[in-house]
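**Q** Next input, structure requested:
(2 chains)
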Number of protein chains: 2
Amino acid sequence: MTYCVGILVRQGLVMIADTRTNAGLDNIATFRKLNVFERPDDRIVTIATAGNLAISQSVISLLTEGLENQETGEADTIWNQTSMFRCAQLVGRAIREVWRLDGQMMEQKNLGFDVTMLLGGQIKGGRLRLFMIYAAGNFIEATADTPYLQIGEHKYGKPILDRAVNFEYDLQDALKLGLISMDSTMRSNLGVGMPIDLAVIERDAIHAQLNHRIEAGEPYFHDLRERWSAALRKAHQDIPRPPYDVTGR
Amino acid sequence: MTYCVGILVRQGLVMIADTRTNAGLDNIATFRKLNVFERPDDRIVTIATAGNLAISQSVISLLTEGLENQETGEADTIWNQTSMFRCAQLVGRAIREVWRLDGQMMEQKNLGFDVTMLLGGQIKGGRLRLFMIYAAGNFIEATADTPYLQIGEHKYGKPILDRAVNFEYDLQDALKLGLISMDSTMRSNLGVGMPIDLAVIERDAIHAQLNHRIEAGEPYFHDLRERWSAALRKAHQDIPRPPYDVTGR
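**A** Okay, here's the model as predicted:
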């Protein structure tokens, strides 16, 4: 499994991804799922991937090596797209190309063509944007109303996002919220695990202020997990008991 | 969708189920999913159902009208089983009988044979027990280590259970915890909705102390929802901000 979340706020963008992959319960490994394409003062593009690792690695390779542009004959890469929208289209094209190459054989082997991606970043002259791209190559975009997108094992970490997320949060609060959402997911699904990769991009800075890996045992994250667990238990305890008589006879 | 949870504690058993069903987003209705079979001082058996409504209603009808017992020629019902284990076997048999009658045609129509059930209760002379029965008719049982079972849309409401549930909780705390888990689910999935049915069974009492429907607007549940939301937001706010520099240049 995988869990990745992107949170877009007025001040910028936070991208968080776990690193655990598993092919069955007895084949667990660590792979980076958060890819950062940065050329300072030109573009900062991040891509988080979920689903079949063979597909997502092929997509990332295609985005780096280039897909042939039928009109110009040149290779389209993440590095030469002129807008984030075009980057999202290119990711979709790359997914469809992998489908063309591997999809039918995967279906014959009863392997679902399972892949979703988060694409977030900014290209100079354009807006900071966050997209989610589906296995069909189509995509949606986060807005101020719903400023977060999730891929992979998304349900465990969604309740806190639904309740707390706010486009007006500053970047540190957005990062904190994303880490709580990640913690909730790791707690309930062993297929999502440490270390955690994160990138924080300030709007209009056109580079990643933070591109960091949280290893198991990092004190801040350990403390966050402890505090969050304690706070949930306390919140539960502080709610008054139900008014129903449940033991009378 | 549906969400049902059963929590088994030393003091007794809590069963909670929502009532929303939907066949598509434009066909939403209210159906009771928590069935209570009570004959005071003999048995208290509750069954919560998730999945295809046609299947689960047929199963409940079979459990009430009876399945022919090949050995005795008599009709086996929930009312004449001599233990909770036999009740669980009977629920499994009823599911397989519905599969025999409707399963192949449903598959032909590309409808999955989707049903799971929670069975909880006590028959005089036996223990208070909680089972989850799968679509194949097999089942598992809750234990003191993992004293809760969920069916339906279970992920949103699982993090709080994973963190807080405890076999030593008294019935009111278990009920409160179940209602928080239900609230988290309703908040994140519109397919799970009010009213909520609940049953509370004290161990060895052999009847339901509480068999209640929480309607929309009931003050206690409304207050619980508000307090839980506020507590989650506060818990998030109270956690220190990440130590990373996310806006320096």
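**Q** Run through the residues that contact A:M106.
**A** Taking CB atoms under 8 Å, 6 or more residues apart in numbering or on different chains, we find A:M106 in contact with A:52, A:112-113. The way it works is simple: take the backbone N, C-alpha and C, and place the C-beta from them, glycine included.
**Q** Between those, which sits nearest B:T19?
**A** If you rank these by distance to B:T19 using CB to CB, A:G112 comes first, at 33.0 Å.
**Q** what would the contacts of A:M106 look like in TSV with distance to B:K176 and neighbour count?
**A** Shown next, in TSV, are the contacts of A:M106 (distance: CB to CB, whole Å; neighbours: other CB atoms under 10 Å in any protein chain shown):
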residue	distance to B:K176	neighbour count
A:N52	41	20
A:G112	40	10
A:F113	44	17
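**Q** Next, format those as CSV and append secondary structure, pLDDT and distance to chain B.
**A** Shown next, in CSV, are the contacts of A:M106 (DSSP: H, G, I helix; E, B strand; the rest coil; pLDDT from 0 to 100; distance: CB to the nearest CB, whole Å):
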residue, secondary structure, pLDDT, distance to chain B
A:N52, coil, 92, 21
A:G112, coil, 88, 15
A:F113, coil, 93, 19
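**Q** For A:G178, give me phi and psi.
**A** Dihedral pair for A:G178: phi -60, psi -40, per degrees, to the nearest 10.
**Q** and what of A:L63?
**A** According to degrees, to the nearest 10, A:L63 has phi -70, psi -30.
**Q** Which of the contacts of A:M106 sits closest to A:R225?
**A** Nearest to A:R225 among these is A:N52, at 29.3 Å by CB to CB.
**Q** Model confidence score at the residue lying closest to the closest one once chain neighbours are set aside, please.
**A** Nearest residue to A:N52 in three dimensions, chain neighbours excluded: A:D114, at 5.1 Å (CB to CB, 6 or more residues apart in numbering or on different chains). With respect to pLDDT, A:D114 scores 93.
**Q** Kindly report the same for the one 3 residues further on.
**A** Per-residue confidence (pLDDT) for A:M117: 98.
**Q** So which elements touch whichever helix or strand it is part of?
**A** Element membership for A:M117, per DSSP states H and E: strand A:115-123. With contacts taken as 3 or more CB pairs under 8 Å, 6 or more residues apart in numbering or on different chains; DSSP states H and E, strand A:115-123 sits against strand A:3-9, strand A:12-17, strand A:43-51, helix A:53-65, helix A:84-98, strand A:129-133, strand A:148-152, strand A:196-202.
**Q** Run the chain-centre distance for the longest one.
**A** Computed by CA atoms, centre = their mean, to the nearest Å, the chain-centroid distance of helix A:84-98 equals 17 Å.
**Q** buried ones in that helix?
**A** Along helix A:84-98, these residues count as buried under the neighbour rule (16 or more other CB atoms under 10 Å in any protein chain shown): A:84-85, A:87-98.
**Q** which of these lies closest to chain B?
**A** A:M84 (20.5 Å; CB to the nearest CB).
**Q** show me the contacts for the closest one.
**A** A:45, A:119, A:121-123, A:126-129, A:131.
**Q** Need the contact partners of the lengthiest helix in chain A.
**A** Across chain A, the helix with the greatest residue count (assigned by DSSP state H) is helix A:219-238. Residues from elsewhere that reach helix A:219-238 (CB under 8 Å, 6+ apart): A:176, A:179-180, A:183-184, A:187, A:196, A:214, B:159-160, B:163-164, B:176-177, B:180, B:227-228, B:231-232, B:234-235, B:238-240, B:242-243.
**Q** What subset of these is buried?
**A** Using 16+ other CB under 10 Å, the buried ones in those are A:176, A:179-180, A:183-184, A:187, A:196, A:214, B:159-160, B:163-164, B:176-177, B:180, B:227-228, B:231-232, B:235, B:239, B:242.
**Q** Neighbours of the closest residue to A:G66 other than its chain neighbours, how many?
**A** In space, A:G66 comes closest to A:A75 once its chain neighbours are excluded; the distance is 2.7 Å by CB to CB, 6+ apart. By the criterion of other CB atoms under 10 Å in any protein chain shown, A:A75 has 13 neighbours.
**Q** Quick one: residues contacting the residue most central in space within chain A.
**A** Most central in chain A under CA atoms, centre = their mean is A:C4, positioned 3.0 Å from the mean C-alpha point. Taking CB under 8 Å, 6+ apart, we find A:C4 in contact with A:15-18, A:33-34, A:48-50, A:118, A:150-152.
**Q** Please produce TSV containing those, extended by distance to A:V192 and neighbour count.
**A** Shown next, in TSV, are those (distance: CB to CB, whole Å; neighbours: other CB under 10 Å):
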residue	distance to A:V192	neighbour count
A:M15	16	30
A:I16	11	27
A:A17	10	28
A:D18	5	30
A:K33	11	27
A:L34	14	22
A:A48	13	31
A:T49	14	28
A:A50	10	24
A:L118	15	29
A:Q150	12	24
A:I151	12	23
A:G152	7	23
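**Q** could I get these as TSV with distance to A:E65?
**A** Listed next are those as TSV, based on distance: CB to CB, whole Å:
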residue	distance to A:E65
A:M15	23
A:I16	27
A:A17	22
A:D18	26
A:K33	19
A:L34	20
A:A48	20
A:T49	17
A:A50	22
A:L118	21
A:Q150	29
A:I151	23
A:G152	25
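**Q** Count the neighbours of A:N22 for me.
**A** 16.
**Q** likewise A:M1?
**A** 16.
**Q** Looking at the residue nearest to it when sequence neighbours are not counted now. What's its pLDDT?
**A** Closest residue in space to A:M1, ignoring its immediate chain neighbours: A:G191 at 3.1 Å, by CB to CB, 6+ apart. If you check A:G191, the pLDDT there is 87.
**Q** Next: A:V246.
**A** 83.
**Q** Which of the three states applies to it?
**A** coil (DSSP: H, G, I helix; E, B strand; the rest coil).
**Q** and it, what does it touch?
**A** Contacts for A:V246 (CB under 8 Å, 6+ apart) come out as B:12, B:171-172, B:175, B:200, B:202, B:209-210.
**Q** Run a quick neighbour tally on the closest residue to A:E141 other than its chain neighbours.
**A** Excluding the flanking residues, the one nearest A:E141 by CB to CB, 6+ apart is A:F131, at 5.1 Å. Residues near A:F131, counting by other CB under 10 Å, number 23.
**Q** could you list every residue that touches A:F131?
**A** A:84, A:88, A:91, A:118-120, A:139-142, A:149.
**Q** which non-adjacent residue is nearest A:D41?
**A** Nearest to A:D41 is A:I206, by CB to CB, 6+ apart, at 5.4 Å.
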